[in-house]
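>>> what follows is a predicted protein model with its sequence.
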Amino acid sequence: MVITDQPTKIVYERPKDLDPRVTHYCPGCTHGVAHRLVAEVLADMGEVGNTIGVASVGCSVFSYYYFDMDFVEAAHGRAPAMATGIKRVYPDRIVFTYQGDGDLASIGMGEIVGAASRGELLTVIFINNANYGMTGGQMAPTTLPGQKTTSSPTGRDVTRQGYPIRTAELLSTLEGSAYVVRRSLHNAREIRKAKKAIRTAFEVQKHRLGFSMVELLSTCPTNWRLTPDESRNWLEERMIPAFPLGDYKISPAVAELQI
Amino acid sequence: MAKELIKGNTAVAEASLRAGLQAYFGYPITPQTELLEHLSARMPELGRPFVQAESELGAINMVYGAACTGKRVMTSSSSPGVSLMMEGLSYIAGTEVPAVLVDVVRGGPGLGNIAPAQGDYNQIVHGGGHGDYHMLVLAPASVQEAVDLTVLAFDLAEKYRNLVAIMLDGSIGQMMEPAELPPMQPLKTEIPDWAVRGTSHGEKRILTSINLDPPAQEVMNLRLMKRWQEIEKNEVRYKGYFLDDAEYVVLGFGTAGRISLSAVRAAREKGLKVGLLRPITVAPFPKDIINELTEKVKAFLVVEMNAGQMLEDVRLVVRGRKPVEFFGRMGGVVPLPDEVEEEITRLIEGPLTTDGHPRDRWLDRLSETIG
């Protein structure tokens, strides 16, 4: 390595609104990327101090340690209800939930559908990694047919264990949903697109246009029993065909939104 | 303010609003629905949040969220709905945020029916949700008392950062009576220091019920229990009737207490030395006065609209020193004053015993009547 005394230009640094501490996330997990994007977007919008986050039960249960924002911690699946309570009494604050797939699409399906159907002015960051991460890799509502997990040890048998839920598609059918999209965090190009989507989702809330959700396909190397690199490939080759990336609901008002 | 003829549920709704309710979240269920309906009109009129949630689970978690902002919040339901809320109640207790719950109790278990009952006593008073926590539980016996206790409920919830439940039975919720409503209070403007609000408006706040470190969790448990001791010391409320010279004392809360009062009055007219103790707070439980009465009286009769749930709390205080008998009706059947008076007569005529369990003796008698 050549060391010069040339001044260096900083091209990459920790967002100031993420607490400078080591996270509890596993190496190669994309939670950290998602956290970073949310912190960057809220900083870009100047809304960090005006935001109240709602953490959920799952790997992101302690996300409130990392964001330099006010936070509450919901019961499993109930983050959209808790966020509703906060947003209704503080309509001028930005309120978001950060939920995993077991939390949002299994135990919390009632609460997310309720919030979306009411057009609650919330933003939901939805992490889909095709399994229950925190409890050690059990079958989730998003687990792919044939996918082995600790509770589908021979692979998810759809005749006994049902089919994966495509949450973005499902919520897009509701009138109250203004902006519902699916993005992925498996490479730099998709991460940039994800950041843009997160920005749009928060702007939708700020402009009071309705419910907004960004579903983020994410990796879980530990429970997938793959290396981080293999995980990114698995996401691209297996998850994206089952959960196609795209815009599932862009209301006319959102289409006209200038950011 | 003049009295007006008003239904219990509507009166509680209007009283809560006048007590400065800042957000309401609920779900329709009989016999509570008028409460939600009244607020569905009045809250938007006043520019305050009202949400009919997707379920009671949704409603209590909306309350949880709003309670974390330190605002005055409330939900209401009836027995099966309150069962669903137990999850949220435990979390609210674990986060030490104030909230008010109204339970308009109906017949159970299961779907049961929509008639007045008191079968939720154990669930509301002795837990329901997981973990060590207590709710402060108020049990009105009239529409007026329900109004007054609703106002008190918010003050107590905030004073102790504790859940307060108003346990109405279906008859108080459904009955129309003259009552004087409280004056309209201004909404509170100060935000408690512990509340979330956004870091531009104060220091970073995290409100959570998780504590993975057992010793730290135990410290929190200790704090909750000490707070409960404070509540037990300061907040016991009851009403005594004809207790000064009473040789026999009837104990009953809510509608059972009110029906018992009719029976006690009738017995007094016959010259029988009977009194009534009606707990207004069933949690904290009025132990001291029951203990005092145990020294003085010959026997107790506990009357409830359930299978003897408060009875166990009475027995814990009396500890076999005096005979305790029980009379109850269950499943939404409301006891008649005549039935209670008959039980008073039976108590006085004896024979009395401190052996066995009063519930067993009552069940034998009841089986003969309804079996």
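Perfect, I can see it now.

>>> so what's residue B:277 bridging to?
Taking DSSP bridges as the rule, residue B:277 bridges to residue B:240, residue B:251.

>>> from residue B:133, how far off is it?
27 Å (C-beta to C-beta, to the nearest Å). C-beta here means a position set from N, CA and C on the backbone, and glycine is covered the same way.

>>> out of the two, which sits in the more crowded spot?
A side-by-side neighbour count of residue B:277 and residue B:133, using other C-beta atoms under 10 Å in any protein chain shown, places residue B:277 first with 24 against 21.

>>> tell me the contacts of the more buried one?
By C-beta atoms under 8 Å, 6 or more residues apart in numbering or on different chains, the residues touching residue B:277 are B:238-241, B:243, B:249-251, B:286, B:289-290, B:293.

>>> repeat that for residue B:123.
The contact partners of residue B:123, taken as C-beta under 8 Å, 6+ apart, are B:82-83, B:86.

>>> who are the packing partners of the top helix by length along chain A?
Scanning chain A for the longest helix, with DSSP state H as the assignment, gives helix A:188-206. In this structure, helix A:188-206 packs against helix A:31-44, strand A:94-100, strand A:123-128, strand A:177-184, strand A:211-217, with contacts taken as 3 or more C-beta pairs under 8 Å, 6 or more residues apart in numbering or on different chains; DSSP states H and E.

>>> how about 6 Å then?
Contacts defined by 3 or more C-beta pairs under 6 Å, 6 or more residues apart in numbering or on different chains; DSSP states H and E place helix A:188-206 against helix A:31-44, strand A:123-128, strand A:177-184, strand A:211-217.

>>> what would those look like in a markdown table with distance to chain B?
Supplementary listing: the helices and strands packed on helix A:188-206 in a markdown table, determined by distance: least, C-beta to the nearest C-beta, whole Å:
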| stretch | distance to chain B |
| --- | --- |
| helix A:31-44 | 11 |
| strand A:123-128 | 14 |
| strand A:177-184 | 15 |
| strand A:211-217 | 13 |
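
>>> need the ones you listed in TSV with mean pLDDT and mean neighbour count, can you?
As requested, those are exported to TSV (pLDDT from 0 to 100; neighbours: other C-beta atoms under 10 Å in any protein chain shown):
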stretch	mean pLDDT	mean neighbour count
helix A:31-44	97	21
strand A:123-128	98	28
strand A:177-184	98	26
strand A:211-217	98	28
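
>>> around chain B, which positions in chain A sit nearby?
Proximity of chain A to chain B, by C-beta under 6 Å from any C-beta of the partner chain, involves residues A:49-50, A:52, A:64, A:70-73, A:75, A:78, A:81-82, A:84-86, A:88-89, A:93, A:110-111, A:114.

>>> among those residues, name the ones in strands.
Secondary structure defined by DSSP state E assigns A:52, A:70-73 of those to strands.

>>> want to throw those into CSV with pLDDT, distance to residue B:233 and neighbour count?
Converted to CSV, those look like this (pLDDT from 0 to 100; distance: C-beta to C-beta, whole Å; neighbours: other C-beta atoms under 10 Å in any protein chain shown):
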residue, pLDDT, distance to residue B:233, neighbour count
A:52, 98, 36, 26
A:70, 97, 34, 29
A:71, 98, 34, 24
A:72, 98, 31, 29
A:73, 97, 31, 24
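
>>> could I get the pLDDT score of residue A:4?
Predicted confidence (pLDDT) for residue A:4: 69.

>>> would you map out the domains in chain B?
Taking automatic domain parsing as the reference, chain B has its domains at B:4-234, B:239-370.

>>> got those domains as JSON lines, with mean pLDDT columns?
Shown next, in JSON lines, are the domains of chain B (pLDDT from 0 to 100):
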{"stretch": "domain B:4-234", "mean pLDDT": "97"}
{"stretch": "domain B:239-370", "mean pLDDT": "97"}
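
>>> pick the most deeply packed of those.
domain B:4-234 (a mean of 21; mean count of other C-beta atoms under 10 Å in any protein chain shown).

>>> what's the end-to-end length of it?
Taking C-alpha to C-alpha, to the nearest Å as the measure, domain B:4-234 stretches 32 Å from start to finish.

>>> where along the stretch 1-150 of chain A do the helices fall?
A:31-44, A:79-89, A:101-102, A:109-117 (DSSP state H, counting those that start in this stretch).

>>> ok, which of these comes nearest residue B:61?
Closest approach to residue B:61 among the helices of the stretch 1-150 of chain A is made by helix A:79-89 (3.5 Å; C-beta to C-beta).

>>> output the below-cut-off pLDDT ranges for chain A.
Counting by pLDDT under 70, chain A shows low-confidence ranges at A:1-4.

>>> go again using 80 as the cut-off
Within chain A, the segments meeting pLDDT under 80 span A:1-6.

>>> before we move on, the earlier item: in CSV: the helices of the stretch 1-150 of chain A, plus distance to residue B:121.
CSV is the format used below for the helices of the stretch 1-150 of chain A (distance: least, C-beta to C-beta, whole Å):
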stretch, distance to residue B:121
helix A:31-44, 45
helix A:79-89, 28
helix A:101-102, 36
helix A:109-117, 29
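
>>> let's verify residue B:331: helix, strand, or coil?
coil (DSSP: H, G, I helix; E, B strand; the rest coil).

>>> contact partners for it?
Counting by C-beta atoms under 6 Å, 6 or more residues apart in numbering or on different chains, residue B:331 touches residue B:107.

>>> would JSON lines of the contacts of residue B:123 with secondary structure be doable?
Formatted as JSON lines, the contacts of residue B:123 follow (three-state DSSP):
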{"residue": "B:82", "secondary structure": "helix"}
{"residue": "B:83", "secondary structure": "helix"}
{"residue": "B:86", "secondary structure": "helix"}
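
>>> what is the nearest of those to chain A?
Closest approach to chain A among those (C-beta to the nearest C-beta): residue B:86, at 11.0 Å.

>>> isn't that closest one right up against residue B:131?
No: taking contacts as C-beta atoms under 6 Å, residue B:86 lies outside contact range of residue B:131: 10.8 Å.

>>> show me what the nearest residue to residue B:196 once chain neighbours are set aside is bridged to.
Distance criterion C-beta to C-beta, 6 or more residues apart in numbering or on different chains; nearest residue to residue B:196, sequence neighbours excluded, is residue A:70 at 4.2 Å. Beta-bridge pairing of residue A:70, defined through DSSP bridges, involves residue A:52.

>>> is it true that residue A:70 touches residue B:205?
Yes: the pair residue A:70 / residue B:205 is scored as a contact, 5.0 Å apart, by C-beta under 6 Å.

>>> skipping adjacent residues, who's closest to whatever residue of the stretch 201-350 of chain B ends up closest to chain A in space?
Nearest residue of the stretch 201-350 of chain B to chain A: residue B:208, at 3.5 Å (C-beta to the nearest C-beta). Using C-beta to C-beta, 6+ apart and skipping the chain neighbours, the partner closest in space to residue B:208 is residue A:73 (3.5 Å).

>>> repeat for residue B:154
Closest to residue B:154 by C-beta to C-beta, 6+ apart is residue B:19, at 5.0 Å.

>>> for the one you found, give me its contacts.
Residue B:19 neighbours (C-beta under 6 Å, 6+ apart): B:151, B:154, B:185.

>>> report the contact partners of the closest residue to chain A within the stretch 151-300 of chain B.
Using C-beta to the nearest C-beta, the point where the stretch 151-300 of chain B gets nearest to chain A is residue B:200, with a distance of 3.0 Å. By C-beta under 6 Å, 6+ apart, the contact set of residue B:200 is A:49-50.
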